[in-house]
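A.B. asks: Got a predicted structure plus its sequence, pasted below:
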Amino acid sequence: VTEAGRAWTNPGGERGAKMAGWLVLLRTAACLTAAALALKRDVAHRRRVEGWPSILGMDVTQDPIVLQHPTGSTLSIRKHGAHLCSWCPAGEREVIFMSEMASFGENDAIRGGIPLCFPQFGPRGKLPQHGFFRKSNDWVLDSQFTSKGGDWVLTFKHTDTEATRASEWGHTFEALYEVVLNQHTLTTRLKVFNTGEEDISFTCALHTYFAVGDVGEALVGGLKNVEYEDGTDGGKVKLEQGDRVGFWGEVDRVYGPTPNELVLEDGYLGRTIVINKDAGFPDAVVWNPWVEKAHALADLPDSHYRKFVCVEVGAIRNPVIVKPGKEWEGAQTVCVKRPVLGDAWGPPKPAGT
């Protein structure tokens, strides 16, 4: 056996002890290097709110938070209700409608933007209309980061509180609402974790108000042959016959399940808003209150029903059930295309033509 061999086979030898020490040092150095690289990646791509008050110089400690992406896109979002109020893709005009008479008090539901409906959509349960998320002051900005692809990401968190546990929906949960901004798209993603010991059940939606030039020249496509509940006819279940849904009176429909891609064609502004949703949101609501119901809304000018169409992705017709320790998520990604995508602009063709 060589001297080197005896050193390795005799841990008590002086040379063996030195070599073992060097191995420990090398392994420690490797671990420290890996940890440093991981920390560098984390600092570069994820800015935790604690100690990191900005994304590339944008102040996220204010309310509302206003982001201006280097490509020119912008958004604003309020911590009350984690309520997104504005989004402009790079080179495009405002995509989100906000009422000029919207109220922003701590107990108010904000008219316009993207209200979060959870854990109940509309009156479908024992809670007040649309549940408690949209009026909640318990949302906190949990994280902010820039992705490797250049996306700017804000994540808001909401957990069960004494008030929610005392409500008619008293489950324990953790919810994350992620807002992703880049040059041309906006992604909003809701995640719900069941932190309790029993199943939780809920309905939910992203109640998006899209700005249009005039509702009379707006059409929603992608819903032909989809079943819907007609809120203007007592919730009667019907089948959509037209290629596109137009607006000549009040429209209040819960479609589902729908295709993943829906489009809102705006003939007045000459653009198409494309909405891509994932499987977590199988349904979609199309809504405009029209004249009489708009007049009854104290936070909406009488004529401004003509300035928006709501296309609301959600899980509505069949409640979501989440087992203990499991999670659910649903997301939409929105972009704007020009010109309108319709083959020839005009009212929908009657069924069968």
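C.D. replies: Thanks, I have the structure now.

A.B. asks: Could you give me the buried positions within the longest strand along the chain?
C.D. replies: Longest strand of the chain, by residue count under DSSP state E: strand 308-322. Residues 308-317, 319-320, 322 are the ones in strand 308-322 that count as buried (16 or more other CB atoms under 10 Å). Quick note: C-beta positions are derived from backbone N, CA and C, even for glycine.

A.B. asks: same deal with stretch 87-96?
C.D. replies: 87-89, 92, 95-96.

A.B. asks: Among those residues, which ones are in strands?
C.D. replies: 87-88.

A.B. asks: quick check, nearest of the buried residues of stretch 87-96 to Leu223?
C.D. replies: Val95 (20.3 Å; CB to CB).

A.B. asks: Centroid-nearest residue for this protein?
C.D. replies: Geometric centre of the chain, nearest residue: Thr188, 2.1 Å, by CA atoms, centre = their mean.

A.B. asks: Specify the local secondary structure of it.
C.D. replies: Secondary structure, DSSP: H, G, I helix; E, B strand; the rest coil: Thr188 is strand.

A.B. asks: separation between it and His83?
C.D. replies: Computed as CB to CB, to the nearest Å, the Thr188 to His83 distance reads 11 Å.

A.B. asks: where do the contact lists of these two overlap?
C.D. replies: Ile114 (CB atoms under 8 Å, 6 or more residues apart in numbering).

A.B. asks: Okay, now stretch 290-299: how far is its last residue from its first?
C.D. replies: One end of stretch 290-299 to the other measures 14 Å (CA to CA, to the nearest Å).

A.B. asks: All further residue positions should be reported with the first residue as 858.
C.D. replies: From this message on, residue numbering opens at 858, which makes the last subject stretch 1147-1156.

A.B. asks: Return the set of buried residues in that stretch.
C.D. replies: By 16+ other CB under 10 Å, the buried positions in stretch 1147-1156 come out as 1147, 1151.

A.B. asks: Same question for stretch 1055-1063.
C.D. replies: 1057, 1059-1063.

A.B. asks: which of those residues lies closest to Leu1080?
C.D. replies: Ala1062 (15.8 Å).

A.B. asks: can you give me phi and psi for Arg991?
C.D. replies: phi -70, psi -20 (degrees, to the nearest 10).

A.B. asks: let me redo that: Thr918
C.D. replies: According to degrees, to the nearest 10, Thr918 has phi -90, psi -10.

A.B. asks: Could you measure from it over to Lys936?
C.D. replies: For Thr918, the distance to Lys936 - CB to CB - is 10 Å.
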